[in-house]
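*Asks:* model this:
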Amino acid sequence: LYGLEFCIGFPGNLLVVLGYLFCLKDWQSCNIYLFNLAVSDLIFLCTLPCFSYFYSNDFQETNIYICLINRYVLHVNLYSSILFMVWLSMDRFLLIKHPTRNHYLLKRHSALLLTGLTWLLVNVEITPMISLMIQDFKRGNWSVCNDFASLSGDINLLGYSLGLTFTGYVLPLLGLCIFSQQIAHLLHAKERVLQLRVSYKRPLRVVTSAAVLFSILYSPYHILRNVRIASQPPWTKLSQCTIMNIEALYILTRPLAFLHSVINPHEAVCPGNLQQTSFKDMSLCLP
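*Replies:* Model (predicted):
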């Protein structure tokens, strides 16, 4: 599954990145978020071949640096991709509400600042994982590259995972749902004003599908990751069969979550001059 996701997602994301670099002249806030989303997904996908190698070799890895870099890069871009989807939703909401781009968050410098803060925040969130991985590598005689849910060290793994789940997934999901609901409310209002002369059913479906897709792909992964970590301590007194079943389900949720980098709808083209575009056209430029 990791190999298929890489083969399908890498060319598409690379095409988007190159298209922005060589074909787009007038960069708007929307384009900045979309470009960073594509870059994040592209880097994320580059880690998947290593996962295929680890699985085929029973997680044996003699180079600690490859393991550290791969795991770190994967989680940084996993959670940065989530945030960029939220900023895209925010941008679309503000653009529908302020079509003349008079809101300061629709300015390019604001988008660049928010992008920089996003990368910084995500790196700070993932930094404790390095310490955990080094400690776990020592316990494995510097040869076993374990998954996040199988790490062990001085840091409380369950507490860290729950905190990362809340800040990196639950809060962005809440933000995505709020912006999606507000976009839907504005589009319904515009439809009533136009007295059904223009239908907004298509953009409304896009808004709804973004939040639903986000939940379907990420919720099982984060739930099972925390359940997997919570099931490991001896005091839980779970049977070995139950623990193995939890681990198996968790393993299946990972390629499902990583599928987001393949099907993220960031290939949608934002109109070049949105000031001269109708509300319906602007609403189509949604994550």
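*Asks:* residue 9 contacts residue 81, doesn't it?
*Replies:* No - with contact defined as C-beta atoms under 8 Å, residue 9 does not reach residue 81; the gap is 11.6 Å. (C-beta placed from N, C-alpha, C; glycine too.)
*Asks:* overlap of the contact sets of the two?
*Replies:* 41, 261 (C-beta atoms under 8 Å, 6 or more residues apart in numbering).
*Asks:* who are the packing partners of the one helix or strand residue 7 maps to?
*Replies:* Residue 7 is part of helix 2-23 when elements are defined by DSSP states H and E. Contacts defined by 3 or more C-beta pairs under 8 Å, 6 or more residues apart in numbering; DSSP states H and E place helix 2-23 against helix 29-45, helix 48-56, helix 240-258, helix 260-263.
*Asks:* please redo it, this time with the cut-off set to 6 Å
*Replies:* helix 29-45, helix 48-56, helix 260-263 (3 or more C-beta pairs under 6 Å, 6 or more residues apart in numbering; DSSP states H and E).
*Asks:* now it: buried residues?
*Replies:* Of all the residues in helix 2-23, those buried under the rule 16 or more other C-beta atoms under 10 Å are 2, 5, 6, 9, 10, 12, 13, 16, 17, 20.
*Asks:* for that helix, what does the pLDDT average out to?
*Replies:* Averaging pLDDT along helix 2-23 yields 90.
*Asks:* distance from the chain centre to it, please.
*Replies:* 16 Å (C-alpha atoms, centre = their mean, to the nearest Å).
*Asks:* list the contacts of that helix.
*Replies:* Applying C-beta atoms under 6 Å, 6 or more residues apart in numbering, the external contacts of helix 2-23 come out as 35, 38-39, 41-42, 45, 48-49, 51-52, 258, 261-262, 267.
*Asks:* okay, it in CSV with CA atoms only?
*Replies:* Output of helix 2-23 as CSV, limited to C-alpha atoms (Å, rounded to 0.1, in the frame of the first residue of the first chain):
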residue,chain,number,x,y,z
TYR,A,2,2.8,2.4,0.8
GLY,A,3,4.4,1.6,-2.6
LEU,A,4,1.2,2.2,-4.4
GLU,A,5,0.6,5.5,-2.6
PHE,A,6,4.1,6.7,-3.5
CYS,A,7,3.8,5.7,-7.2
ILE,A,8,0.4,7.4,-7.5
GLY,A,9,0.9,10.4,-5.3
PHE,A,10,4.5,11.5,-6.1
PRO,A,11,4.0,12.3,-9.8
GLY,A,12,0.8,14.2,-9.1
ASN,A,13,2.2,16.3,-6.3
LEU,A,14,5.4,16.9,-8.2
LEU,A,15,3.4,18.2,-11.2
VAL,A,16,1.5,20.6,-8.9
VAL,A,17,4.7,21.9,-7.4
LEU,A,18,6.4,22.4,-10.8
GLY,A,19,3.2,24.0,-12.1
TYR,A,20,3.2,26.6,-9.4
LEU,A,21,6.9,27.3,-9.7
PHE,A,22,7.0,27.7,-13.5
CYS,A,23,3.5,28.6,-14.6
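*Asks:* still on that earlier bit, deepest of the helices and strands packed on helix 2-23, which one?
*Replies:* Stretch with highest mean neighbour count among the helices and strands packed on helix 2-23: helix 29-45 (a mean of 24; mean count of other C-beta atoms under 10 Å).
*Asks:* elements contacting that helix?
*Replies:* helix 2-23, helix 64-97, helix 108-139, helix 260-263.
*Asks:* quick one: it to helix 2-23, angle?
*Replies:* 150 degrees (axes from the mean of the first three to the mean of the last three C-alpha atoms, to 10 degrees).
*Asks:* that concludes my questions; thank you for your assistance.
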